[in-house]
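Undergrad: Next input, structure requested:
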Amino acid sequence: MAKTAGQPCAVAARTTAKATQIYQVFIKATPERIWAAITDPDQTVRYFHGARIENTPTWHASYGPDGAKWGDGPVFEWDPPRRLAHQWSSLYDAELAMEQPSRVIWEIEPRDGGCCLLTVTHDRLEGAPKTAESVSGAGWMFVLSGLKTLLETGQPLLGGGAGS
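TA: Numbers count the residues shown, from 1 in each chain. Below you'll find the model as predicted:
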């Protein structure tokens, strides 16, 4: 995940340990819309750095804008529209690709007022310190800000529609 300049709005980040990162954002959308945005490659390309991310009940795969494989691995939990947990491999960078895979957990909790709390936990990063640094802070915050903006406005965070 590429780092971005500046700090996107409306996302809280908390790093509990180098090996566990937790991010939360409130999104004015139904759990079903958030789930679709996380699992539909036609939507991920609009907020996740141009990546087409395919999630099925058993497998997670990510492809860059040029079609190159950015990551893949098993899905550990598939509970639509509440929880998705999958392996994370950083194949988009040769140095990061040498590290051990980690895990990403997406948790969607409905709240009053027609919004949901989305919590993303990226953990099991003990064997992937360079990946942990790459995705920390602005890395995940940019993705989550882009997801929130797309769902609430119908427009990508940045112009163009494919992310950065």
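
Undergrad: Could you list the low-pLDDT ranges of the protein?
TA: Along the chain, the parts satisfying pLDDT under 70 run over 1-17, 159-164.

Undergrad: Identify the residue nearest the geometric centre of it.
TA: Of all residues in the chain, the one closest to the mean position by CA atoms, centre = their mean is residue 143, 5.8 Å from it.

Undergrad: Report the buried residues of the stretch of helix or strand it belongs to.
TA: According to DSSP states H and E, residue 143 maps onto helix 138-153. For helix 138-153, burial by neighbour count (16 or more other CB atoms under 10 Å) applies to 138-151. For every residue, glycine as well, the C-beta is placed using N, CA and C.

Undergrad: same question, stretch 97-104
TA: Neighbour-count burial for stretch 97-104, with 16+ other CB under 10 Å as criterion, is recorded at 99, 101, 102, 103, 104.

Undergrad: Just the terminal-to-terminal distance for that stretch.
TA: According to CA to CA, to the nearest Å, stretch 97-104 extends 16 Å from its N-terminal end residue to its C-terminal end residue.

Undergrad: residues making contact with it?
TA: Residues outside stretch 97-104 that contact it (CB atoms under 8 Å, 6 or more residues apart in numbering) are 73, 76, 85-91, 120-132.

Undergrad: still on that earlier bit, quick check, nearest of the buried residues of stretch 97-104 to residue 115?
TA: For the buried residues of stretch 97-104, the closest approach to residue 115 (CB to CB) belongs to residue 104, at 21.9 Å.

Undergrad: Could you measure from the closest one over to residue 60?
TA: Separation of residue 104 from residue 60 (CB to CB, to the nearest Å) stands at 8 Å.

Undergrad: Show the residue spans covered by the strands in the chain.
TA: With strands called from DSSP state E, the chain shows them at 12-17, 20-27, 52-55, 59-63, 69-79, 83-88, 102-111, 115-123.
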